[in-house]
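> Any chance you can model this:
(2 chains)
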Amino acid sequence: MSDEQAANGKPPDPVEAFRDLRDNYLDAWAKAMVQTVNTDAYARTTGTVLDTYLSASSPFREAVEKAMLRVLEQLSMPSRADFVALADRVTNIEMHLDDMDAKLDRIEKLLTKPATASSSRNPRSTVPSHQKKQKAKGAK
Amino acid sequence: MPEAAVIAGPFTDMVGKLTAFNKALTTKTTIAQTPKELVWALNKAKLYRYIPVVPKEKRHPVPLLLVFALMSRPYILDLRPGHSFVEYMVNSGYDLYLLDWGVPGPEDKNLKFDDYCLDYLPRAIRKMKSVSGVEEFSMLGWCIGAILSTIYSCLRPDDGLRNLILLTAPLDFSNKENITFARWTDERYFDIDKLLAAFGNMPGEMIDYGARALKPVENYIVNYLKLWDNIENPQVIEAWQAMNTWVTDNIPMTGGTFRQLIVDLYRNDRLMRGEMMIRGERVDLSRLRANLLTVIAEGDHITPPCQSKAILSKVGSKDKELFSVPGGHIGIMAGSGANKRTWPKVDSWLAGRSK
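Coordinates of the predicted model:
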């Protein structure tokens, strides 16, 4: 590097040598770590750490959940379970609306087919159905 | 006084660098700027259509649907202007759609591959066909999105899918020695029931830790050193910030899907063995008949190349191709070389099959 810099007429950069050394060291370390994490020993260790954390935090988490539930009941406020049940119902309604939208699309297609077939002068419409709906809404 | 200036000079430089470094670390950049419109939504999922910039008569008639992974934001496909796959494909004349799965909440913890593949995906595809006014389409699945796309393609082969592109697709889990995640999630070490009982969904932070821990030195040290070394280069900072904004924007994976991913795929390799059941239907890879392009990243630690190759010998597609790209899991699509290698390949492969 320093030869290259000298050839370019630039003063040698002392930090450059340190940076090269650092990068080589990190490269070797990175390769070693990739091999280390792909071992049974590493998998066992992380599994144990996670298991310990889950076991230790479980009683606290359950106690907090029960206490929070009681507080919400006392305050006549909905709990997470209530919101989950509500979300289920909303998604169910959304699915029914989507089914209806699909049926409307099919009906629209059936209605426009005979019209285009009978009128040979009119070229086949290339306007997507959602744009047609928007136009119809605008006309109203 | 000149002596004071000489002494203060390096100190001032260092303060300036530290300030810029801190700003780069803590600032979120504006991403996903390609104009789009919302055309469909269900629960948290949203289907967007990118506003075409090429006149209709010059556009490819077959629309393309992008299906990204469940546990990351899809805007990695549209990171920033000039470095966006979405922008590239829209400019290349594709009618482009993006399915954003959204952020699952506690109420979604029971959602499984079954729901995504047989409720959400078919409905989004129906809407895309209705909006674009055509019956055939292409689909690009990336990472877990590739699993969803593959399952859907096998279960609904007559839905009009003409072309399927799989990017870094984790489909084959037979080579456990080379798949670090498979080792970590082995039933001897990893109690999935206990984890999901505690959290409901798989927390995004834990998924992020898992992805980073595959290459700990690169992700926890080298990544930040690269920023420090280039702290006076605005272009590098801009690119780094955009990527960092995406990397730190983690989302959870629904408990039901995560359980299937670990038990059915990582532990038992059910998809490749033809034993995967989705709502009572067996996922038979030979039923996949669409033209298939599988893109693998040679340096991928998240989905090693061995996971994406075997599908070619299992599918029923006559037109199939494997494309190998140097780079990592994300780098092949969002890295600096993506617009020279992966994007042109996807475009050229798709263009010839979208007439």
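
> Pick out the residue in chain A sitting closest to chain B.
Nearest to chain B in chain A, going by CB to the nearest CB, is residue A:47, at a distance of 3.2 Å. The way it works is simple: take the backbone N, C-alpha and C, and place the C-beta from them, glycine included.

> Now do the SS call for that residue.
Following DSSP: H, G, I helix; E, B strand; the rest coil, we place residue A:47 in the helix state.

> That one - how many residues pack around it?
Burial of residue A:47, expressed as a neighbour count using other CB atoms under 10 Å in any protein chain shown, amounts to 18.

> pLDDT wise, what is it at?
pLDDT for residue A:47: 96.

> Which stretches in the stretch 251-355 of chain B count as helices?
With DSSP state H, counting those that start in this stretch, the ranges of helices along the stretch 251-355 of chain B come out as B:255-260, B:306-309, B:311-314, B:331-334, B:342-351.

> the helices in chain A, which residues?
Along chain A, the segments classed as helices by DSSP state H run A:2-8, A:14-37, A:40-74, A:80-118, A:129-139.

> Quick one, which of these gets closest to residue B:8.
helix A:14-37 (19.9 Å; CB to CB).

> give me every residue that touches the residue of chain A closest to chain B.
B:184, B:188-191 (CB atoms under 8 Å, 6 or more residues apart in numbering or on different chains).

> Residue B:64 now?
Going by CB under 8 Å, 6+ apart, residue B:64 touches B:89, B:94-97, B:137-140, B:350, B:354.

> what's residue B:170 sitting at in phi/psi?
phi -80, psi 90 (degrees, to the nearest 10).

> Report how many residues lie close to it.
25.

> now it: how far from residue B:271?
9 Å (CB to CB, to the nearest Å).

> and for the two, which residues touch both?
In contact with both residue B:170 and residue B:271: B:147, B:265, using CB under 8 Å, 6+ apart.

> and residue B:70, what element?
Using DSSP states H and E, residue B:70 maps to neither a helix nor a strand.

> swap that for residue B:25, please
In this structure, residue B:25 sits in helix B:2-26 according to DSSP H and E.

> Can you get me the start-to-end distance on stretch B:320-337?
24 Å (CA to CA, to the nearest Å).

> before we move on, what about stretch B:107-124?
21 Å.

> is any part of it close to chain A?
Yes: for stretch B:107-124 and chain A, the contact criterion (CB under 8 Å from any CB of the partner chain) is met by B:107-108, B:119, B:123.

> Residue B:31: what's it in contact with?
Residues near residue B:31 by CB under 8 Å, 6+ apart: B:75, B:78-80, B:242, B:245-246.

> Same list, the residues of stretch B:107-124 next to chain A, but as TSV with distance to residue B:308 please.
Formatted as TSV, those follow (distance: CB to CB, whole Å):
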residue	distance to residue B:308
B:107	33
B:108	28
B:119	26
B:123	27
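
> Just the residues you listed: which are in helices?
Per DSSP H, the residues of stretch B:107-124 next to chain A map to helices at residue B:123.

> quick one: which of the residues of stretch B:107-124 next to chain A has the most company?
Counting neighbours by other CB under 10 Å, residue B:108 leads the residues of stretch B:107-124 next to chain A with 25 neighbours.

> was I right about that one contacting residue B:201?
Yes: look at residue B:108 against residue B:201 with CB atoms under 8 Å: they come within range, at 7.1 Å.

> centroid residue for chain A?
The residue lying closest to the centre of chain A (CA atoms, centre = their mean) is residue A:91, at 18.4 Å.

> would you turn the helices of the stretch 251-355 of chain B into a markdown table with distance to residue B:177 and mean pLDDT?
Formatted as a markdown table, the helices of the stretch 251-355 of chain B follow (distance: least, CB to CB, whole Å; pLDDT from 0 to 100):
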| stretch | distance to residue B:177 | mean pLDDT |
| --- | --- | --- |
| helix B:255-260 | 23 | 98 |
| helix B:306-309 | 9 | 96 |
| helix B:311-314 | 20 | 96 |
| helix B:331-334 | 24 | 94 |
| helix B:342-351 | 28 | 97 |
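
> The ones you listed into CSV, with extra columns for distance to residue A:110 and mean neighbour count?
Output for these, formatted as CSV (distance: least, CB to CB, whole Å; neighbours: other CB atoms under 10 Å in any protein chain shown):
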stretch, distance to residue A:110, mean neighbour count
helix B:255-260, 37, 22
helix B:306-309, 42, 21
helix B:311-314, 39, 16
helix B:331-334, 41, 23
helix B:342-351, 32, 18
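
> of all these, which lies closest to residue B:213?
Residue B:213 sits nearest to helix B:255-260 of all these, at 17.1 Å, using CB to CB.

> Distance from the chain centre to that closest one, please.
Centroid separation for helix B:255-260 versus its chain: 18 Å, with CA atoms, centre = their mean, to the nearest Å.

> Residues of chain B that sit close to chain A?
Neighbours of chain A within chain B, by CB under 8 Å from any CB: B:39-43, B:56, B:105-108, B:119, B:123, B:126-127, B:130-133, B:180, B:183-184, B:186, B:188-191, B:194-195, B:198, B:213-218, B:221-222, B:225, B:229, B:301.

> Quick one: buried ones out of those residues?
The neighbour count (16 or more other CB atoms under 10 Å in any protein chain shown) marks B:39-43, B:105-108, B:119, B:123, B:126-127, B:130-133, B:180, B:183-184, B:186, B:189-190, B:195, B:198, B:213-218, B:222, B:301 as buried among those.

> Where strands are concerned, which of these count?
Counted as lying in strands by DSSP state E, out of these, are B:39-42.

> Count the neighbours of residue 74 for me.
Picked chain A for this. Other residues close to residue A:74 by other CB under 10 Å number 8.

> hmm, I had chain B in mind actually
As a burial measure, residue B:74 scores 22 neighbours (other CB under 10 Å).

> which residues sit in contact with it?
So residue B:74 contacts B:66, B:68, B:98-101 (CB under 8 Å, 6+ apart).

> With adjacent residues omitted, what lies nearest to it?
residue B:68 (3.7 Å; CB to CB, 6 or more residues apart in numbering or on different chains).

> Look up how far chain A lies from that neighbour.
21 Å (CB to the nearest CB, to the nearest Å).

> Can you report how many residues neighbour that residue?
Residue B:68 has 24 neighbours, counted by other CB under 10 Å.

> Got the phi and psi for residue B:64?
phi -120, psi 130.

> Run through the bridge partners of it.
Under the criterion DSSP bridges, residue B:64 forms beta bridges with residue B:96, residue B:138.

> quick one, what contacts residue B:116?
If you count contacts by CB under 8 Å, 6+ apart, residue B:116 has them with B:70, B:101, B:148, B:257.
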